[in-house]
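>>> quick one, fold the following:
(one chain, ligands or ions: 1)
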Amino acid sequence: MKKVRTTEFWADGRYLGPGRVYSNPRLGNSEFPFGIIYVCPRCGDAWGKVRVSLTRFYPRARMCTEHGGGFLMPFDTSFFEFPRAMLKREISLIVSYEGDYDIALLTGGAA
Ligand SMILES: [Zn+2]
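All right, here's what the predicted structure looks like:
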């Protein structure tokens with residue numbers, strides 16, 4: 001039986017609202033992903049945060065909006081229900097990005 005926890009999203013100092021995350025047996029004993037603090041490897045700004053209730057935060061390198069990234073979309077999205085404001089922000093970033101949308105933007109990649 002699936003369990004559920006609350007998750008919350010912030011980017012660029014703005015709260016984007018609560019969502020849900022469902023348990024996933026592939027994640028081992030914890031069953032839930034950890035919270036994330038996104039840190040830009042270029043400027044060092046801790047620009048984004050994904051909280052998962054009852055878990056710790058772990059830092060992850062990912063470019064901020066100013067340096068060609070800024071995407072909050074985490075891990076395996078199939079276990080999440082995202083808040084509307086967060087999805088609107090992701091879509092507007094994809095639409096505004098001038099280059100090809102590239103997985104490197106999500107993985108913190110080069111450049
Ligand atoms: Zn940056």
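
>>> residues near T65, how many?
Look at T65: counted by other C-beta atoms under 10 Å, it has 18 neighbours. For the C-beta atoms, the positions are set from N, CA and C on the backbone; glycine is no exception.

>>> same thing with P59?
Neighbours around P59, by other C-beta under 10 Å: 10.

>>> can you give the contact residues for the helix or strand where it lies?
Taking DSSP states H and E as the criterion, P59 maps to strand 57-61. Strand 57-61 is contacted from outside by 34-41, 46, 49, 51, 108, using C-beta atoms under 8 Å, 6 or more residues apart in numbering.

>>> ok, now with 7 Å
Here strand 57-61 makes contact (C-beta atoms under 7 Å, 6 or more residues apart in numbering) with 34-39, 41, 108.

>>> stretch 5-17 now?
Residues from elsewhere that reach stretch 5-17 (C-beta under 7 Å, 6+ apart): 18-21, 32, 47-54, 65, 70, 72, 80, 83, 85-86, 89.

>>> can you flag which of those belong to helices?
85-86, 89 (DSSP state H).

>>> of those, keep whichever come out buried.
86, 89 (16 or more other C-beta atoms under 10 Å).

>>> can you tell me which of the ones in helices among the contacts of stretch 5-17 is nearest M1?
M86 (26.9 Å; C-beta to C-beta).

>>> go through stretch 50-57 and flag the buried ones.
Across stretch 50-57, burial judged by 16+ other C-beta under 10 Å covers 50-52, 55.
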